[in-house]
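J.: coordinates for the following, if possible.
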Amino acid sequence: RSTLFPYTTLFRSLAETLKNQEKPENLTIAASVQGQPLPLKVTYVGPTAKEAQQKLAQYIEQTDQKISKELVEDLRSNIHAQTSNLMESLSTQEKVAQEQKDLRIKQIAQALTVAKEAGVQAPQVQQAENVSQDNMFLLGSTALESMIKNESSRPLVFSDDYFKTRQNLLVLQSISVDPQTIHAYRYVMKPSLPVFRDSPKKALTLVLATLLGGVIGAGFVLARNAIRAYQVKP
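T.: Below you'll find the model as predicted:
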């Protein structure tokens, strides 16, 4: 007897297959506690207690391996899909950050061109934060040249979402799927030898056979006596 967690469909299918084969085998699955789906009680009837125990353990292990294989494949497929999605997201964010950097450099370069044409070398404004794209040339050509050098060497700027995505990707890439550690069930009690024989019960069979033989014998004697009594009548 054992306790199984979900995945009971395959066990029931196996029980039905064993029941319908040329030499039927009796594998039964039922709720261990009435009204509750789990835990489950699985039993197998065999010629001997030892054989029944071995067969039950074999069928549980066989089903577990099949389900575990499917679980491993699904898990690996999901990890691969999620990894691809995260890598694609990182690539998109990096591309956007690069485009933003290139655009910023182009804007400063355009302002530098205007500043040189207008002969503005020194800054003409007191506070740089008040400068827009239209009047950036007022910062002067010297400052704008320094800004271009700084922007070109500065690393890309990313949002918090980018680093969170990278963190999730690293976690996924660190996952190692070991099929040996993935199981479809957990035992409460491993398949054990039965205390009493389910069938045939020799003692009960012997008693019933004796009683049946006695009834048949008595009936035969009564019938024979009745026939003799009938024959002797005038």
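J.: tell me which residue is most central in the protein.
T.: residue 71 (4.9 Å; CA atoms, centre = their mean).
J.: measure that residue to residue 177 for me?
T.: Using CB to CB, to the nearest Å, we find residue 71 at a distance of 9 Å from residue 177. No exception for glycine: its C-beta is placed from N, CA and C like everyone else's.
J.: can you check residue 143 too?
T.: On the measure of CB to CB, residue 143 and residue 177 end up 56 Å apart.
J.: who has more neighbours, those two?
T.: Set residue 143 next to residue 177 and count neighbours by other CB atoms under 10 Å: residue 143 wins out with 19 against 12.
J.: now the more buried one, what are its backbone angles?
T.: phi -70, psi -40 (degrees, to the nearest 10).
J.: tell me the predicted confidence for it.
T.: Looking at residue 143, its pLDDT reads 88.
J.: also residue 6?
T.: The predicted local confidence for residue 6 is 49.
J.: what's the longest helix belonging to the chain packed up against?
T.: What stands out as the longest helix in the chain, according to DSSP state H, is helix 49-118. With contacts defined as 3 or more CB pairs under 8 Å, 6 or more residues apart in numbering; DSSP states H and E, the packing partners of helix 49-118 are helix 8-20, strand 40-45, helix 141-153, helix 160-173.
J.: need these in JSON lines with distance to residue 84, can you?
T.: Below are the helices and strands packed on helix 49-118 laid out as JSON lines (distance: least, CB to CB, whole Å):
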{"stretch": "helix 8-20", "distance to residue 84": "30"}
{"stretch": "strand 40-45", "distance to residue 84": "38"}
{"stretch": "helix 141-153", "distance to residue 84": "32"}
{"stretch": "helix 160-173", "distance to residue 84": "10"}
